[in-house]
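**Student:** Build me a model from this:
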Amino acid sequence: MNRGLFIVFEGGEGSGKSTILEKIYNWLIEKEIDCIKTREPGGIKISEDIRSIILDPANTAMDGRTEALLYAAARRQHLIEKVIPALNNGKIVLCDRFIDSSLAYQGFARELGIKEIYEINKFAVGEYMPDLSIFFDLEPEEGLNRINKNKEREINRLDLETIEFHKKVRLGYEFLLENSEHKIVKIDASKSIKDVFEDVKNIIMLHIE
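**Tutor:** Purely as a prediction, here's the structure:
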């Protein structure tokens, strides 16, 4: 059996990546393509427990390096328990965030260093890098505005960061677009949900057909 396809959805807060991931998952299921959806940090119990610590708005005292290490720990457990078995069974894995998030948020925005955060995460993930990362590009102000309008979405610790922080996250993703060792495709996330879905669907079709 051939190894499956590891597709990651990346972007800043409120960029719509989670909404589109759900629509892509349903589309693949309709096409009878074997796939799973998951998220980071989370996806399995241990990683979800770590997620609750990382994103708790009460944990404002958390050091940047502590945050980076917790993300890497959650990533490792999630990979071992869920992602690798699915890929080994030939499934497409749709993942909401992966290593690029750590590089953009902790490496670039928190100024801990892209190289330093990459080394931490390389230890965690080994050879399992995304086959494709899709970066949902959106002005940070618009993303945060979307979050504020969405009454069903729980506000987490990262949502409470300054607008300057979120702008640096976007710059971090732009840096990765030019310097990443794996394939990253940028899409315009300011478009309608229908148009963004079509853009992402077309990108994924190039990789599965």
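**Student:** Going by C-alpha atoms from here, please, whenever you check contacts or count neighbours.
**Tutor:** OK.
**Student:** what's the spatially closest residue to L79 that is not a sequence neighbour in contact with, if anything?
**Tutor:** Nearest residue to L79 in three dimensions, chain neighbours excluded: V125, at 7.2 Å (Cα to Cα, 6 or more residues apart in numbering). Contact analysis of V125 by Cα atoms under 8 Å, 6 or more residues apart in numbering lists 75-76, 79.
**Student:** model confidence over the host helix or strand of V169, on average?
**Tutor:** Following DSSP states H and E, one finds V169 within helix 163-179. The average pLDDT within helix 163-179 is 97.
**Student:** before we move on, what about stretch 191-204?
**Tutor:** 98.
**Student:** The helix or strand of the chain with the lowest mean pLDDT vs helix 163-179, what angle?
**Tutor:** Least confident helix or strand of the chain, by mean pLDDT, DSSP states H and E, is helix 140-149 with a mean of 92. Angle, helix 140-149 to helix 163-179, by axes from the mean of the first three to the mean of the last three Cα atoms, to 10 degrees: 120 degrees.
**Student:** Can you name every helix or strand that helix 140-149 contacts?
**Tutor:** Applying 3 or more Cα pairs under 8 Å, 6 or more residues apart in numbering; DSSP states H and E, one finds that helix 140-149 makes contact with helix 163-179.
**Student:** ok, and for the helix it packs on, which residues are buried?
**Tutor:** By neighbour count with 16 or more other Cα atoms under 10 Å, helix 163-179 contains the buried residues 165-166, 168-173, 176-177.
**Student:** Among those, which one lies nearest to E142?
**Tutor:** Of all the buried residues of helix 163-179, H166 has the smallest distance to E142: 11.0 Å, by Cα to Cα.
**Student:** Run a quick neighbour tally on the residue nearest to the closest one when sequence neighbours are not counted.
**Tutor:** Leaving aside its sequence neighbours, H166 sits nearest to P140 (Cα to Cα, 6+ apart; 5.9 Å). By the measure other Cα atoms under 10 Å, the count of residues near P140 is 22.
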